[in-house]
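No sequence on hand, only this structure:
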């Protein structure tokens with residue numbers, strides 16, 4: 001691999017993402033997700049697609065989970 005991509009994982013909050021335009025989407029997807037393992041980010045995901053006419057990979061973090069709220073009042 002002759003290229004280096006600076007993935008901005010440390011700057012991402014849950015629910016945010018970024019797009020990396022590329023032709024070899026499988027290699028970029030794998031490289032991006034491998035980097036999340038080194039920083040123990042377990043909520044990272046990636047999907048291949050087209051954005052603004054460019055093929056690439058959309059990387060994102062899952063939104064923060066909030067517990068379901070009930071209508072009942074605790075005793």
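That came in fine, so what should we check first? Since the model is a prediction, treat every value here as computed from it, not as a measurement. Numbering: from 1, shown residues only.

Distance of residue 60 relative to residue 15?
Residue 60 is 8 Å from residue 15, where distance means CB to CB, to the nearest Å. C-beta here means a position set from N, CA and C on the backbone, and glycine is covered the same way.

Tell me which stretches of this protein form strands.
17-21, 44-51, 54-61 (DSSP state E).

need the contact list for residue 50.
Residues near residue 50 by CB atoms under 8 Å, 6 or more residues apart in numbering: residue 56.

Present the strands of the chain as CSV; the columns should include distance to residue 36 and mean pLDDT.
Shown next, in CSV, are those (distance: least, CB to CB, whole Å; pLDDT from 0 to 100):
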stretch, distance to residue 36, mean pLDDT
strand 17-21, 12, 97
strand 44-51, 4, 97
strand 54-61, 9, 98
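
So which of those strands is nearest residue 5?
Of all the strands of the chain, it is strand 17-21 that lies closest to residue 5, at 6.2 Å by CB to CB.

in its sheet, what does that closest one sit against?
strand 54-61 (antiparallel) (DSSP bridges).

ok, and what's touching the strand it pairs with?
Strand 54-61 is touched from outside by 7, 9, 12-23, 25, 28-29, 32-33, 41, 43-51, with contacts defined as CB under 8 Å, 6+ apart.

What angle do strand 44-51 and that strand make with each other?
Orientation of strand 54-61 against strand 44-51 (axes from the mean of the first three to the mean of the last three CA atoms, to 10 degrees) gives an angle of 150 degrees.
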